[in-house]
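Asker: A structural model of the following input is requested.
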Amino acid sequence: MEDLKDRQSLDGMSLDDRLAAAAQLGMTTAVWADLKPDAAFIHDPDGKTHSWGKVNASANRIVRLLRGKGLTTGDSVALVCSNRAEFVEVLAATQRAGWRITPVNWHLNAEEIAYIINDCEAKAVFCEARVATSQAAVAQCPNVLVKVAIGGAIPGFLDYDAALGSLDGGDIADPVLGNAMMYTSGTTGRPKGVYRAQPVVAVQGLYAMRGYDHATSVQLCAGPAYHAAPLAFDVRGAMGAGCELVFMDKWDSETVLRLMHDRRVSHLHLVPIMFQRLLALPDDVKAKYDLSSVIYIVHGAAPCPPEVKAAMIDWFGPVLSEYYAGSEGGAGFVISSEEWLAKPGSVGKRPALLGSKILDEAGAELPTGVPGGIYHQLPPGGGFTYYKDEAKTNANRVGDYFTMGDVGYFDEDGYLFLTGRNAETIISGGVNIYPQEVDNELIKHDAVADSSTVGIPHDEWGEQVKAVILLKEGYAPSDALAQEILAHARTSLPAFKVPRSVDFVTDLPRSEAGKIQRNKVRAPYWEGRARQI
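Answerer: Just a heads-up that it's a prediction; the model follows:
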């Protein structure tokens, strides 16, 4: 194949310069489509393969469709879609049309999906037909101007293929860089949009640092693309680096190994529970597959037990790179396999570009080795705000630093170690669960006087959701009542938020203001563990 790195564009720019310029306009995909229109880009879970030219043309058609329906620069687009080519096509369209995209967790119920669509002020919504709650959710969103169904019919929605079929697929002449707004847990039990006034522009040099070669690299997306980390590392990584993207529909450990072998996967993002499931495969299954093509595994989203990470490095070699950040961003902690082996359990050294501090509850900086709240410096210009929630934005800040509620310390060499986390977030299998949202449903049961949902240790998931229940007078604890309360929760909560177990107590600790002290409820379950996260 012709080495495209040496090829000059028509205007005399090198490929690297052309990509850097295109990134400023959200047109990186268009550059790759121009250079290799017929090359494979996306491999869908159903076996279909989509070329760079096809994906780019669909993105241009989406821009023309929505502009024709009245969308203008700065408008919001919601995307309720699983891992498939259309997800990337809609994303690419918003990147070049100046729209703000919000990918929605399609496992949520109709009310939760509707809340996010309304809160992000979406003018257009793309929903996959397989998401049974799509129609009911969008019916609760009166401000949506355009509704498009992906992969089948939804009553009242335009059909994706039919709506795009007659439109011009050529590159638009007036691209404007778009933005993304991810949703994260909020103080009221509702998720909040992490809004940045200035879109984040991918630095093209990062792809070379991660070992990408557009002619040979293959990216595997094994997690949900609507999640911030797979979206950034897998989907946008492949779009920027010009490499193939292999989508999985749902996790299956041996299928991951088979895809690595068959597709010669080189890059992927995983979370610790995925490590554990891969390691748990029988030795004879692991031995069936050649995994030598893998050169870069990036992981984060949840803490990784040191013994699990060490076992992965033993298996794959020193190809693991860990990051510490959140939907809000962060100071930029990363740690290579070699560094981690020297500092097991660390998430990286204090970054040089943006500062970070360990503060006590009064806002005073703590000395080396003493755990406290981890605060990250905001980038110039202020970074992010929580969309339409000034109180939450201000509550997590001290000067020009912000916190995600994590607790940790720096060692004498400047390496950060996480030791705990604000109990107002449960991370189970890399997925954030806001406990107040669960409590809001549990207390609707006739027997429940009050509830404090917490995360308890789980060897595979990191944390498991447990409901600690105070019963009303006249009710007695029993297994039957616990199952009845859990069944009640299943009627209103997505499966991943439903507690896996119930403990009954005669009292719940409260502050002087009467608020349940969730940290105190959580503490006994973690007693004796060095790592409280």
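Asker: Where do the helices of the stretch 101-250 of the chain begin and end?
Answerer: 110-119, 134-138, 160-165, 205-209, 228-229, 236-241 (DSSP state H, counting those that start in this stretch).
Asker: count of residues packed around Lys288?
Answerer: 12 (other C-beta atoms under 10 Å). In this view, the C-beta of every residue, glycine as well, is placed from N, C-alpha and C.
Asker: which residues in the stretch 351-500 of the chain form strands?
Answerer: Applying DSSP state E, counting those that start in this stretch to the stretch 351-500 of the chain gives strands spanning 356-359, 372-377, 385-386, 397-398, 401-410, 415-421, 426-428, 431-433, 448-458, 462-471.
Asker: Asp290: what's it in contact with?
Answerer: Counting by C-beta atoms under 8 Å, 6 or more residues apart in numbering, Asp290 touches His261.
Asker: In which helix or strand does it reside?
Answerer: Here Asp290 sits in a region with no helix or strand, counting by DSSP states H and E.
Asker: Check the gap between it and Cys243 for me.
Answerer: 19 Å (C-beta to C-beta, to the nearest Å).
Asker: for Pro318, same thing?
Answerer: For Pro318, the distance to Cys243 - C-beta to C-beta - is 22 Å.
Asker: coming back round to it: of all the helices of the stretch 101-250 of the chain, which one is nearest His50?
Answerer: helix 236-241 (11.9 Å; C-beta to C-beta).
Asker: mind saving the C-alpha coords of that closest one as PDB?
Answerer: Provided in PDB are the C-alpha atoms of helix 236-241 (Å, rounded to 0.1, in the frame of the first residue of the first chain):
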ATOM      1  CA  ARG A 236     -12.300   9.100  18.500                       C
ATOM      2  CA  GLY A 237      -9.000   7.300  18.600                       C
ATOM      3  CA  ALA A 238      -9.700   5.400  15.500                       C
ATOM      4  CA  MET A 239     -11.300   8.400  13.800                       C
ATOM      5  CA  GLY A 240      -8.200  10.500  14.500                       C
ATOM      6  CA  ALA A 241      -5.500   7.900  13.800                       C
END
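Asker: in that helix, what counts as buried?
Answerer: Using 16 or more other C-beta atoms under 10 Å as the test for burial, helix 236-241 gives 236-241.
Asker: cool, stretch 216-226 as well?
Answerer: Quick answer for stretch 216-226 (16+ other C-beta under 10 Å): 217-226.
Asker: contacting residues around it?
Answerer: Residues contacting stretch 216-226 (C-beta under 8 Å, 6+ apart): 79, 81-83, 87, 103-106, 211, 229-231, 234-235, 237-238, 241, 243-248, 251, 256, 259-260, 263-271, 274, 293, 430.
Asker: Could I have the CA atoms of that stretch written out in CSV?
Answerer: Output in CSV follows, covering the C-alpha atoms of stretch 216-226 (Å, rounded to 0.1, in the frame of the first residue of the first chain):
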residue,chain,number,x,y,z
THR,A,216,-1.8,-1.5,10.1
SER,A,217,-3.4,-0.4,13.5
VAL,A,218,-6.7,-1.9,14.5
GLN,A,219,-8.8,-0.5,17.4
LEU,A,220,-11.2,-2.7,19.4
CYS,A,221,-14.1,-1.1,21.1
ALA,A,222,-15.3,-3.6,23.7
GLY,A,223,-17.2,-1.2,26.0
PRO,A,224,-20.2,1.0,25.3
ALA,A,225,-19.4,3.9,23.0
TYR,A,226,-21.7,6.2,24.9
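Asker: now it: how far from the chain's centre is it?
Answerer: Relative to its chain's centre, stretch 216-226 lies at 13 Å (C-alpha atoms, centre = their mean, to the nearest Å).
Asker: How about stretch 51-58?
Answerer: 25 Å.
Asker: Quick check: mean pLDDT of that stretch?
Answerer: Averaged across stretch 51-58, the pLDDT comes to 98.
Asker: What about the contacts of stretch 216-226, which are in strands?
Answerer: 79, 103, 244-247, 267-270 (DSSP state E).
Asker: Tell me which of the strands of the stretch 351-500 of the chain sits nearest to Lys192.
Answerer: That would be strand 385-386 among those, by C-beta to C-beta, at 4.3 Å.
Asker: got a list of contacts for that closest one?
Answerer: Residues from elsewhere that reach strand 385-386 (C-beta under 8 Å, 6+ apart): 186, 192-195, 392-393.
Asker: low-confidence ranges in the stretch 1-150 of the chain?
Answerer: 1-11 (pLDDT under 70).
Asker: How about Asp450, nearest residue that isn't a chain neighbour?
Answerer: Using C-beta to C-beta, 6 or more residues apart in numbering and skipping residues adjacent in sequence, the residue nearest Asp450 is Leu470, 4.4 Å away.
Asker: and that neighbour, what does it touch?
Answerer: Here Leu470 is in contact with 448-451, 504-508 (criterion: C-beta under 8 Å, 6+ apart).
Asker: could you redo the last one with a cut-off of 6 Å?
Answerer: Going by C-beta atoms under 6 Å, 6 or more residues apart in numbering, Leu470 touches 449-450, 505, 508.
Asker: Low-confidence stretches in this protein?
Answerer: 1-11, 185-189, 301-302, 382, 420-423, 511-515, 530-533.
Asker: per the record, what domains does it have?
Answerer: Following automatic domain parsing, the chain resolves into domains at 52-200, 352-421, 428-526.
Asker: What is the burial count for Pro306?
Answerer: By other C-beta under 10 Å, neighbour count at Pro306 equals 13.
Asker: now the one 3 residues further on
Answerer: Summarising burial for Lys309: neighbours were counted as other C-beta under 10 Å, giving 21.
Asker: do His50 as well
Answerer: Close neighbours of His50, defined as other C-beta under 10 Å, add up to 19.
Asker: Make sure it is indeed in a strand.
Answerer: Yes: assessed by DSSP: H, G, I helix; E, B strand; the rest coil, His50 belongs to a strand.
Asker: for it, what are its contacts?
Answerer: 41-42, 85.
Asker: try Glu322
Answerer: Neighbours of Glu322 in contact, by C-beta under 6 Å, 6+ apart: 299, 335, 347.
Asker: how does it look with 10 Å?
Answerer: 272, 297-300, 303-304, 309, 333-337, 339-340, 346-348 (C-beta atoms under 10 Å, 6 or more residues apart in numbering).
Asker: picking that back up, which one's more surrounded, Pro318 and Cys243?
Answerer: Cys243 (23 against 13).
Asker: Take the contacts of His50 and write them to CSV, including neighbour count.
Answerer: Shown next, in CSV, are the contacts of His50 (neighbours: other C-beta atoms under 10 Å):
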residue, neighbour count
Phe41, 26
Ile42, 27
Ala85, 22
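Asker: mind checking how far the nearest residue to Ser266 once chain neighbours are set aside is from Asp262?
Answerer: Leaving aside its sequence neighbours, Ser266 sits nearest to Ser217 (C-beta to C-beta, 6+ apart; 4.7 Å). In this structure, Ser217 and Asp262 are 16 Å apart, going by C-beta to C-beta.
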